[in-house]
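> sequence first, then the predicted structure:
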Amino acid sequence: MNRDPRKISSAISEENAPTAAATPPRARREPVEHIVHGDRRIDHYDWLRHKGAAEVLAYLEAENAYTDLVLKPTEDFQEKLYQEILGRILETDLSVPYRLRGYLYFTKTVEGKQYPYHYRRPDSLRPREQGGVREAEREELLLDLNQLAEGHSFLGLDAFEISDDGRWLAFSTDTTGFRQYTLYLKDLRTGETLPGRFERVASVAWAADHQTLFYTIEDERTKRSYRLYRHVLGSSDPGALLYEETDERFQVKIARTRSGGYL
């Protein structure tokens, strides 16, 4: 769709226009050669892949400073727009429950909290009140993402898998923003999260014996999911390596079928 350039320019007032003194930072160019499948490619910004390097961090800070400078005249408008969007969102809300092996699983969002709470309640509690016990009194908090996010600027949840007996929760979180998920195991009877954890987990599935967990991990460099492990509860090691996909054109993942009869 063609836009009228006169309307676009009129939308930016002189007061809100970026200052002419603002000069964007320029990333230095350093050619690095890559040869993949016989194809030669020159990457002048390969050094930016080293995200922990001091030079890369300094460059990103310069980019952020430039962005803040250019957008400073619009700060009031940004806040007004944010409040308008927020006013159209129901912050305190419930998700639609889904039924799984005798429980109803759902999430709650609370006004002022950034992340949802994961709950379940027995599926047998119908109607709303049974035997003098209300549903809310039987709700079980499985995972508080707001608590897990404390001390971090970001939190992402990927895997959320319940064992067949309903006792164990396998969940994975990322606090980097790079989709690098760490897997944890939680005993829902005691509320204790086991001390062991597994890094760079891509997919997770429980076996039907409630004790065996299958998971895949990704390659640190390419982020390709390529190794499948089997872990038994109570073991301190990562588990047995069952399969490794060596062909870089493919990746491997694990999941249960909808019937629960196969992996």
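That came through fine. Everything numeric in this text was worked out from a predicted model, so none of it was measured. Numbering: from 1, shown residues only.
> what bridges to residue 216?
Applying DSSP bridges to residue 216 gives these bridge partners: residue 203, residue 228.
> for residue 228, what are its contacts?
Shown in contact with residue 228 (C-beta atoms under 8 Å, 6 or more residues apart in numbering): 214-216, 241-244, 252, 254. Placement of C-beta: from N, CA and C, glycine included.
> ramachandran angles for residue 60?
Residue 60 adopts backbone torsions of phi -60, psi -40, taken as degrees, to the nearest 10.
> tally of neighbours for it?
13 (other C-beta atoms under 10 Å).
> can you give me the pLDDT of it?
pLDDT recorded at residue 60 is 95.
> ditto for residue 236
At residue 236, pLDDT is 81.
> in PyMOL, how would I select the buried members of the contacts of residue 228?
In PyMOL syntax, the buried subset of the contacts of residue 228 is picked out as below (16 or more other C-beta atoms under 10 Å):
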select buried, resi 214+215+216+252+254
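> could the contacts of residue 228 be laid out in a markdown table, adding secondary structure?
Shown next, in a markdown table, are the contacts of residue 228 (DSSP: H, G, I helix; E, B strand; the rest coil):
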| residue | secondary structure |
| --- | --- |
| 214 | strand |
| 215 | strand |
| 216 | strand |
| 241 | strand |
| 242 | strand |
| 243 | strand |
| 244 | strand |
| 252 | coil |
| 254 | coil |
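> out of the contacts of residue 228, which is nearest to residue 199?
residue 215 (10.8 Å; C-beta to C-beta).
> mind listing what that closest one touches?
170, 183, 198, 201-205, 228-229, 231, 254.
> closest one to residue 22 out of those residues, please.
Using C-beta to C-beta, those come closest to residue 22 at residue 202, 41.4 Å.
> neighbours of that closest one, how many?
25.
> what's the answer for the one 4 residues further on, then?
Residue 206 has 22 neighbours, counted by other C-beta under 10 Å.
> so what's it closest to, chain neighbours aside?
residue 163 (4.8 Å; C-beta to C-beta, 6 or more residues apart in numbering).
> ok, that neighbour touching residue 204?
No: taking contacts as C-beta atoms under 8 Å, residue 163 lies outside contact range of residue 204: 10.9 Å.
> which neighbours do these two have in common?
Jointly contacting residue 163 and residue 204 under the rule C-beta under 8 Å, 6+ apart are residue 170.
> what about these two, which has more around it?
residue 204 (25 against 21).
> run a quick neighbour tally on the residue nearest to that one when sequence neighbours are not counted.
Excluding the flanking residues, the one nearest residue 204 by C-beta to C-beta, 6+ apart is residue 159, at 4.2 Å. Number of residues near residue 159 (other C-beta under 10 Å) recorded here: 18.
> still on that earlier bit, got the contact list for the residue nearest to residue 206?
Per C-beta under 8 Å, 6+ apart, neighbours of residue 163: 169-170, 206, 210.
> now list the buried members of the residues you listed.
169-170, 206.
> what about the chain, any weak spots by pLDDT?
Within the chain, the ranges that satisfy pLDDT under 70 run 1-21, 125-137.
> any idea how far the most centrally placed residue in it is from residue 177?
Central residue of the chain (C-alpha atoms, centre = their mean): residue 156, 2.6 Å from the mean position. Going from residue 156 to residue 177 by C-beta to C-beta, to the nearest Å gives 7 Å.
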